[in-house]
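Student: heads up, no residue letters with this:
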């Protein structure tokens, strides 16, 4: 298991299997629903939906059945949008995960950030800037950073120790070994929370 | 939901400043000490130097507004250059420690970088991780570095906006946490760098 985790981490951090080789394509100067959706489809995204939200555009899709929400932001007072927040969520089904567990993941996985939101669910995200231009291949590679980090994150959460009193002796075992269902289910990030955050960023950017 | 304004950070980072001119330069395929130093010099960073750390990895040091930053080149093995660039600055408080809540809260409001709490809470690592997979323009690299160098100010402002109670040490968690490092799992390359950065002098945040 440890070897698997190590290998997965290395893969998530450094080697992006499946990302097309470097290609000299036109860089994206501003994020749009169209160019983000195009990149999403290129990495295998399905059920791609693009729609407006207050202050920007959202691109929803699934990949391998897992829902993602990418939000285009930092658009005001400029010719286009230069911010892209790529997120996915995890429904913990009521279980509260300790913040130091998330901190440990953030420490070992710099490409993405995990956070706990008010309802106890978790978000995993990575944000990009297009300022100065971003090659499409680099955009796709960055998207893969988030996608490949999700299973590593879930595996990390399952390492949380819980106490068991099996056989009359208290000991600690990984959550994944103590329960048949660790209660982790990828979900679309709660749009209301993400939109509220992004509204703040968008408002900030215009000041 | 935190209502911290990200405006100061965006302003300081140059997100609200005129966009860098689009240049016809070829994207950077691999990070090197030379192209990272060139980007930093172009941004007006001071004291730009590079060195090899104990593991042979390249570390570029620079300062912006007297805050000392590091750029650690990662993902270099078997490559003509490096595919990852970890921008990081260890920060501390004149007194007191950082709580997990403060770190998680900050990560909620600043998507373009992240904060990771050191083991004892006396230090927080502010970081942003860039990849050159698929190419990254020098202008985009500069924009990302510009955003990152505003993070200490953003973090200080965020902390100031929080209740004093949020800076106090949280109550011990009832559930022990299994850190991967505690289980003997192999450290990722980046995590090793973070371990080494613990020994770096920390930047004391203004209050």
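Tutor: Ah, there it is. It should be emphasised that the depicted structure is a prediction, and the values quoted were computed from it without experimental measurement. Residues are numbered from 1 along each chain as shown, chains lettered A, B, ... in the order given.

Student: Residue 72: helix or strand, and which one exactly?
Tutor: This is for chain A. Following DSSP states H and E, one finds residue A:72 within strand A:66-73.

Student: hmm, I had chain B in mind actually
Tutor: When elements are defined using DSSP H and E, residue B:72 is found to belong to strand B:67-74.

Student: On the three-state scheme, the nearest residue to residue A:40 once chain neighbours are set aside is what?
Tutor: Sequence neighbours aside, residue A:61 is the residue nearest to residue A:40 in space, at 5.0 Å (criterion: Cβ to Cβ, 6 or more residues apart in numbering or on different chains). In this view, the C-beta of every residue, glycine as well, is placed from N, C-alpha and C. Classification of residue A:61 by DSSP: H, G, I helix; E, B strand; the rest coil places it in strand.

Student: elements contacting the longest helix anywhere in chain A?
Tutor: Of all the elements of type helix in chain A, the one with the most residues (DSSP state H) is helix A:136-158. Helix A:136-158 makes packing contacts with helix A:2-13, helix A:33-42, strand A:66-73, strand A:83-91, helix A:99-108, strand A:122-129, helix A:175-178, strand B:124-131 when contacts are defined by 3 or more Cβ pairs under 8 Å, 6 or more residues apart in numbering or on different chains; DSSP states H and E.

Student: Same question for that helix: list its buried residues.
Tutor: A:136-150, A:152-158 (16 or more other Cβ atoms under 10 Å in any protein chain shown).

Student: Report the contact partners of the closest residue to residue A:29 other than its chain neighbours.
Tutor: Nearest residue to residue A:29, sequence neighbours excluded (Cβ to Cβ, 6+ apart): residue A:133, at 5.4 Å. Applying Cβ atoms under 8 Å, 6 or more residues apart in numbering or on different chains, we find residue A:133 in contact with A:27, A:28, A:29, B:22, B:137, B:139, B:140.

Student: ok, of the residues you listed, which come out buried?
Tutor: Of all the contacts of residue A:133 considered here, the ones buried according to neighbour count by 16+ other Cβ under 10 Å are A:27, A:28, A:29, B:137, B:139, B:140.

Student: could you measure the last one against residue B:162, distance?
Tutor: Pointing back at residue B:140 there. In this structure, residue B:140 lies at 32 Å from residue B:162, with Cβ to Cβ, to the nearest Å as the measure.

Student: Let me know how buried residue A:97 is, in neighbour terms.
Tutor: Burial measure for residue A:97: 21 neighbouring residues, criterion other Cβ atoms under 10 Å in any protein chain shown.

Student: Wait, a helix at residue B:158?
Tutor: Yes - looking at residue B:158 with three-state DSSP, it is inside a helix.

Student: what's around it, how many residues?
Tutor: Here the number of neighbours of residue B:158 (other Cβ under 10 Å) works out to 24.
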